[in-house]
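A.B. asks: my questions concern the predicted model and sequence given below.
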Amino acid sequence: EAQVTQNPRYLITVTGKKLTVTCSQNMNHEYMSWYRQDPGLGLRQIYYSMNVEVTDKGDVPEGYKVSRKEKRNFPLILESPSPNQTSLYFCASSILAVTTDTQYFGPGTRLTVL
Amino acid sequence: AQSVSQHNHHVILSEAASLELGCNYSYGGTVNLFWYVQYPGQHLQLLLKYFSGDPLVKGIKGFEAEFIKSKFSFNLRKPSVQWSDTAEYFCAVNADNDMRFGAGTRLTVKP
């Protein structure tokens, strides 16, 4: 089944403890992206990747890192999480990095930083 | 930087009522426009999109949207909503690979 998977789905952690949220897609998509969703703010893009080894900042990259060592995976790393990073995170992918492409979203990861 | 505005935060309708959700964007160049829907407990999924041609776009589940360039708008419509349309709806605009989402509109349809 074509899909975008994220792990974990739920995570409660403490300030400063490094964590990684994994994202994987099995559709051979070139473009991948991370968003955070906050009430009243919609989805805001954190980082995106046009292809392997090519990443770029979105709207709200501070406090986050990403890597794209292989096409299918695009992990989101929080080196030192803070409470303002408590949010719902979505990974998405699309076939190509073109503006008309539909994005396919993962199920979301709900992160709480205490 | 471009922005996307969705005018209604929460809309409550009865079944069979007509729906129109507003979306405006601020960007003067060529844009590609999307409506995504998030049903309770599910992923976001595409409802419809516009990138060229007929400004009236039809999507899944009887939804349609009209692109009015002069008004910078891409409003979503459905003539008769069902209880199963209860969800959150997001307008999105992609211009030069800068993808922006609106804050979302929560639609509640009462049976």
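C.D. replies: Looks like it came in fine.
A.B. asks: so what's B:N32 bridging to?
C.D. replies: B:N94 (DSSP bridges).
A.B. asks: that one: how many residues sit nearby?
C.D. replies: Residue crowding around B:N32 was assessed by other C-beta atoms under 10 Å in any protein chain shown; the count is 17. Quick note: C-beta positions are derived from backbone N, CA and C, even for glycine.
A.B. asks: surely it meets B:V93?
C.D. replies: Yes - B:N32 lies in contact with B:V93 (C-beta atoms under 8 Å); the separation is 7.2 Å.
A.B. asks: which bits of chain A sit near chain B?
C.D. replies: For chain A, the residues in contact with chain B (C-beta under 8 Å from any C-beta of the partner chain) are A:4, A:33, A:35, A:40-45, A:48, A:50, A:59, A:90, A:92, A:97, A:99-100, A:102-103, A:105-108.
A.B. asks: please report the distance of B:S80 from chain A.
C.D. replies: 26 Å (C-beta to the nearest C-beta, to the nearest Å).
A.B. asks: that residue: which element?
C.D. replies: Under the criterion DSSP states H and E, no helix or strand holds B:S80.
A.B. asks: next one, pLDDT for it please.
C.D. replies: Reading off the confidence values, B:S80 has pLDDT 97.
A.B. asks: would you mind listing what in chain B touches chain A?
C.D. replies: So chain B meets chain A at B:1, B:4, B:6, B:9, B:32, B:34, B:36, B:42-46, B:49, B:51, B:90, B:92, B:94-97, B:99-104 (C-beta under 8 Å from any C-beta).
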